[in-house]
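Participant: Provided below are the primary sequence and the corresponding predicted coordinates.
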Protein chains: 2
Amino acid sequence: MAERHSGGGPADRTLALLWRNQHPGPATKPPLGRRPTLDLNTVVDAGIALADEKGLAAASMNGVAKALGVGTMTLYTYVPSKEELLDLMVDQVLAERALPGPGEPRPATWRDQINLYSDQTRAMFRRHPWLASISTIRPPVGPGMLAAREYLLSACAVLGLSARQTNTAALAITTYIDSAAGLEAESEQLERSTGQSHDAWWNERYDLWETYFDVERHPTMTAIWNAEGYGDGTREAADESYRFGLDRLLDGIEALRDPG
Amino acid sequence: MAERHSGGGPADRTLALLWRNQHPGPATKPPLGRRPTLDLNTVVDAGIALADEKGLAAASMNGVAKALGVGTMTLYTYVPSKEELLDLMVDQVLAERALPGPGEPRPATWRDQINLYSDQTRAMFRRHPWLASISTIRPPVGPGMLAAREYLLSACAVLGLSARQTNTAALAITTYIDSAAGLEAESEQLERSTGQSHDAWWNERYDLWETYFDVERHPTMTAIWNAEGYGDGTREAADESYRFGLDRLLDGIEALRDPG
DNA sequence: GTCTATTCTCGTATACCCTACGAGAATGAC
DNA sequence: GTCATTCTCGTAGGGTATACGAGAATAGAC
């Protein structure tokens, strides 16, 4: 049997770090011993800044320490391991989204409430494209993640579906928004970091059409290409694709609303 | 200006590897020099097997070489770098899906055709959960990726939408299916590899509800919890969630069909 | 002022990762 | 047998995370 109560395990330690800014803590004992030169928020901010500017790989323990002007091992005073640092970076970034809490003013319609979540999430991924390359199963359960879930669930709750279906609908919406927004941001960031546009990338694969592509095996792709169905690769085209998928998903969910 | 024609760049070399089994090649010159002990397909298969069994991290150059009983550097005879090996692993796995090509028998209705893609893709992710942790922007453009795209587009083509909308619809469908199936497989694999169920993982975070969770800031979550809206964490519940999202998305797309 | 308990700092070492280089082994052609 | 060619793979170099332990800084006791 796994322990059911707080036992000071690694998960409890991580939770304490995640909620450090919301929860007062038992009691502030008088400081003893050598004073720290940094604090946890500074370390997390440095990690985020580094990942934003130079990619997730640059946010190594060595990299973050150098950016802060301390030795690598000093970071381990503030964070038990790199894994926890990443969790803290993620939840902080999740919390950046300006989503109204319970009782605060919010858009009038269900769709606009979802669209607010969508806009805020896309902006978040644009600011922090490295987020897309972090697995979201078993995420850090910190204030940022919980606040976003609460908002999305509360938006879906107005549809009047069962509790089970409300949850499932919210899940489908996050799945689509988070992954589509992540892909979008990752693509834009790749264009910036490699200096190679999406079109240039395809041009580099000119040989594909020249040498390997078999029209007979790919008639639909060929037809869509001939009808110029692939769009022009601009940001606007990508935006339109994103909206199309989200709008259709919301259409489908809204159709379940009490058919009165 | 970037070069427009095949110039033997790194992209062309990767394409040649990806299409090695489809395309005969210019001419088979007589073998010269020492005979190789392996071939590329063996190396790729070993990489896939290792990633399947012990995770993507185990499919290191060292790990694959050891599994094949050769020195690490020997692999570089067959593959220019680890990046290419990964591309080859991915496209091979993408090609595993049994999706009918043009002219071959396929399910009668649009929805069943999409469902076939969904089933095959979910099974693929279940067999190869490491696939979920590989970025899909700028994927390997090999036979596996192209065949799947062709199938999905041909399924969407029967809706009678414009070429542009057909492509956009297919994009939305892959976005949902690929990410939801990836998450599902990643979660199942984590349960296997860590030996910790989803429920056990939440139990380990008992302190969250005990110490940190604020009911006033999360009324909807609380209400859904009290109404037992979160399901029981079983495979069936996850399956139901997956289907719900996909069905709603397909509902929304189908509603665009000529409203006759 | 000195001593001590406590805490923070961080150099060193270990165990991985990818891969550039180059020496040596195997092979077919002559 | 010699030679060009190709494959094999040990070594080395630069990257990653982090365990360990010596040393520095600080607060309070005396």
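Facilitator: Yep, it's here. The model shown is predicted, which means the values in this text are computed figures rather than measured ones.

Participant: The stretch 1-150 of chain A against DNA strand D: which residues are in contact?
Facilitator: A:30-35, A:57, A:60-63, A:72-73, A:76, A:81-83 (Cβ under 7 Å from any atom of the strand). C-beta here means a position set from N, CA and C on the backbone, and glycine is covered the same way.

Participant: which stretches of the stretch 101-250 of chain A form helices?
Facilitator: A:110-127, A:143-157, A:163-194, A:198-204, A:206-207, A:219-226, A:235-254 (DSSP state H, counting those that start in this stretch).

Participant: buried residues in the last one?
Facilitator: Think helix A:235-254. A:238, A:241-242, A:244-246, A:248-254 (16 or more other Cβ atoms under 10 Å in any protein chain shown).

Participant: got the contact list for the nearest residue to residue A:244 once chain neighbours are set aside?
Facilitator: Excluding the flanking residues, the one nearest residue A:244 by Cβ to Cβ, 6 or more residues apart in numbering or on different chains is residue B:168, at 4.7 Å. By Cβ atoms under 8 Å, 6 or more residues apart in numbering or on different chains, residue B:168 lies in contact with A:240, A:241, A:244, A:245.

Participant: Redo the residues you listed as TSV? Include distance to residue A:193 and pLDDT.
Facilitator: As requested, the contacts of residue B:168 are arranged in TSV below (distance: Cβ to Cβ, whole Å; pLDDT from 0 to 100):
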residue	distance to residue A:193	pLDDT
A:240	24	94
A:241	22	95
A:244	27	97
A:245	26	98
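
Participant: Of the residues you listed, which is the nearest to residue A:187?
Facilitator: Lowest distance from residue A:187 to those (Cβ to Cβ) belongs to residue A:241, with 11.3 Å.

Participant: my guess is the closest one meets residue B:171, correct?
Facilitator: Yes. Contact criterion Cβ atoms under 8 Å: residue A:241 and residue B:171 qualify, at 5.4 Å.

Participant: Low-confidence stretches in chain A?
Facilitator: A:1-8, A:25-30, A:258-260 (pLDDT under 70).

Participant: want to try a markdown table for the helices of the stretch 101-250 of chain A, with distance to DNA strand C as columns?
Facilitator: Listed next are those as a markdown table, based on distance: least, Cβ to the nearest atom of the strand, whole Å:
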| stretch | distance to DNA strand C |
| --- | --- |
| helix A:110-127 | 27 |
| helix A:143-157 | 23 |
| helix A:163-194 | 16 |
| helix A:198-204 | 19 |
| helix A:206-207 | 22 |
| helix A:219-226 | 31 |
| helix A:235-254 | 30 |
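
Participant: closest one to residue B:151 among the ones you listed?
Facilitator: When the helices of the stretch 101-250 of chain A are compared (using Cβ to Cβ), the closest one is helix A:219-226, at 8.5 Å.

Participant: buried residues in the closest one?
Facilitator: Buried-residue list, helix A:219-226, by 16+ other Cβ under 10 Å: A:219, A:220, A:221, A:223, A:224.

Participant: Also within reach of chain B: list those from those residues.
Facilitator: A:219, A:220, A:221, A:223, A:224 (Cβ under 8 Å from any Cβ of the partner chain).

Participant: With distance to residue A:131 as new columns, can the residues you listed be given to me in TSV?
Facilitator: Listed next are these as TSV, based on distance: Cβ to Cβ, whole Å:
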residue	distance to residue A:131
A:219	38
A:220	34
A:221	32
A:223	37
A:224	32
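
Participant: Which one of the residues you listed is nearest to DNA strand D?
Facilitator: residue A:221 (34.2 Å; Cβ to the nearest atom of the strand).

Participant: got the contact list for that closest one?
Facilitator: B:146, B:149, B:150, B:153.

Participant: Near the last one, how many residues? Count them for me, please.
Facilitator: When neighbours are counted by other Cβ atoms under 10 Å in any protein chain shown, residue B:153 registers 23.

Participant: how close does it get to chain A?
Facilitator: 4 Å (Cβ to the nearest Cβ, to the nearest Å).

Participant: quick one, what contacts the nearest residue to residue A:245 once chain neighbours are set aside?
Facilitator: The shortest distance from residue A:245 to any non-neighbouring residue, by Cβ to Cβ, 6+ apart, is to residue B:172 (3.0 Å). Neighbouring residues of residue B:172 by Cβ under 8 Å, 6+ apart: A:176, A:241, A:244, A:245, A:248, A:249, B:249, B:253.

Participant: Residue B:162: which of the residues you listed is nearest?
Facilitator: Closest to residue B:162, out of all of the contacts of residue B:172 and judged by Cβ to Cβ, is residue A:244, at 11.7 Å.

Participant: quick one: contacts for the closest residue to residue A:125 other than its chain neighbours?
Facilitator: With Cβ to Cβ, 6+ apart as the criterion, residue A:125 has its nearest non-adjacent residue at 3.7 Å, and that residue is residue A:185. Listed by Cβ under 8 Å, 6+ apart, the contact set of residue A:185 reads A:122, A:125, A:126, A:128, A:129, A:131, A:132.

Participant: go with 7 Å
Facilitator: A:125, A:126, A:129, A:132 (Cβ atoms under 7 Å, 6 or more residues apart in numbering or on different chains).

Participant: Verify the stated contact: the last one with residue A:122.
Facilitator: So that's residue A:132. No. If you go by Cβ atoms under 7 Å, residue A:132 and residue A:122 don't touch, sitting 11.4 Å apart.

Participant: how many other residues sit next to residue A:84?
Facilitator: 19.

Participant: OK, contacts around it?
Facilitator: Here residue A:84 is in contact with A:14, A:17 (criterion: Cβ under 7 Å, 6+ apart).
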